[in-house]
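1. quick one: sequence plus predicted model below, questions after.
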Amino acid sequence: MAGTETTFETILVETRGRVGLITLNRPGQLNALNDQLIAELNQALDVFEADEGIGAIVVTGSEKAFAAGADIKEMQAKTYMEAYKGDFIASWDRISRARKPVIAAVAGFALGGGCELAMSCDLILAADTAKFGQPEIKLGIMPGAGGTQRLIRAVGKSKAMELCLTGRLMDAEEAERAGLVARIVPAAELLDDALKTAETIASMSLTAAMMTKDCVNRAHETTLAEGIRYERRTFHAMFATHDQKEGMAAFTEKRRPRFRNA
Ligand SMILES: CC(C)=CC(=O)SCCNC(=O)CCNC(=O)[C@H](O)C(C)(C)COP(=O)(O)OP(=O)(O)OC[C@H]1O[C@@H](n2cnc3c(N)ncnc32)[C@H](O)[C@@H]1OP(=O)(O)O
């Protein structure tokens, strides 16, 4: 990471061109998400968000697991008061508040908190080996990091209800048909594809990308009429940007745009 000295224990962090790459790295625990991993992930996101050279972020795991959920061994002994007073899970929200586009590149298991983490990203690219699910019910609990809310928006009520109530896992094809994932790619090509997609996004105007993702996300939280109003206001605001003038000038002059993210 340009200009930082941070060493991480549970994630690997690197830059590839204009893309920030975060690889979850607890292989012995199938990338189970413990407090330390979430803190480090949030720290890496903060650094990438502040880095003007970064236009998009990819979060990935290993061949076997994106993440097999929250760390059950860490959670097991928590009391209600510890969960409530410590606001357990609140810090998991950071990724959904990222202003730069974030892609989840998922191979293997994305279960429980792992599925919730992927759903908190802006889009999911899935390897043909990917398996998604919310199996918390089998542990005597329920999804707690947005699963009951984000899954229903992605796949509809009936399928979300079935997955949450039975703990059944969904393979990549079913997840794509249901609308949870944007695309399936062969496992061996997942990272290259995700980095290429992220680089394409990063080559656009970051201002336009941030405003676009803000508007798409707004659709989850408001009525159609409010969402359309919000989109229109944001669209109008784009005419105050350098990148709108540059993008349209480049088109008429038949050249590549030189966006300044301004
Ligand atoms: C976000 C909130 C609020 C809640 C949650 O996310 S609850 C967790 C939901 N996830 C799960 O219930 C999945 C738990 N894992 C499994 O069911 C299996 O590990 C598997 C189906 C993903 C893979 O099975 P496999 O037989 O291939 O591998 P294992 O031997 O079971 O696992 C290898 C290694 O990883 C440890 N592991 C796996 N998942 C977790 C986890 N979520 N938390 C902590 N540790 C996990 C597993 O214990 C084993 O390590 P040990 O051999 O040292 O026990």
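-> The structure has been received and is ready for your questions.
2. identify all contacting residues around stretch 128-142.
-> Residues outside stretch 128-142 that contact it (CB atoms under 8 Å, 6 or more residues apart in numbering) are 63, 66, 69, 72, 106-112, 115-116, 118, 126, 143-144, 147-148, 151, 163-173, 175, 180-181, 184-187. Just so you know, the C-beta spots here come from the backbone N, C-alpha and C atoms, and that holds for glycine as well.
3. make a ChimeraX selection of whichever of those residues turn out to be buried.
-> Selecting the buried subset of the contacts of stretch 128-142 in ChimeraX, with 16 or more other CB atoms under 10 Å as the burial test, is done by:
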select :66,69,72,106,107,108,109,110,111,112,115,116,118,126,143,144,147,148,151,163,164,167,169,170,172,175,180,181,184,185,187
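4. among the contacts of stretch 128-142, which ones are in helices?
-> 72, 115-116, 118, 147-148, 151, 163-166, 172-173, 175 (DSSP state H).
5. tabulate those residues (a markdown table), appending pLDDT and distance to the ligand.
-> Output for the ones in helices among the contacts of stretch 128-142, formatted as a markdown table (pLDDT from 0 to 100; distance: CB to the nearest ligand atom, whole Å):
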| residue | pLDDT | distance to the ligand |
| --- | --- | --- |
| 72 | 98 | 4 |
| 115 | 98 | 8 |
| 116 | 98 | 6 |
| 118 | 98 | 12 |
| 147 | 98 | 7 |
| 148 | 98 | 11 |
| 151 | 98 | 13 |
| 163 | 98 | 12 |
| 164 | 98 | 12 |
| 165 | 98 | 15 |
| 166 | 98 | 13 |
| 172 | 98 | 15 |
| 173 | 98 | 19 |
| 175 | 98 | 16 |
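6. around the ligand, pick out the residues from this structure.
-> Taking CB under 6 Å from any ligand atom, the part of the chain that reaches the ligand is made up of 29-30, 32, 68-73, 89, 109, 111-113, 116, 135-136, 139, 144-145.
7. ok, now how distant is residue 36 from residue 77?
-> 17 Å (CB to CB, to the nearest Å).
8. which one's more surrounded, the two?
-> More neighbours surround residue 36 than the other of residue 36 and residue 77, with 15 against 7 (other CB atoms under 10 Å).
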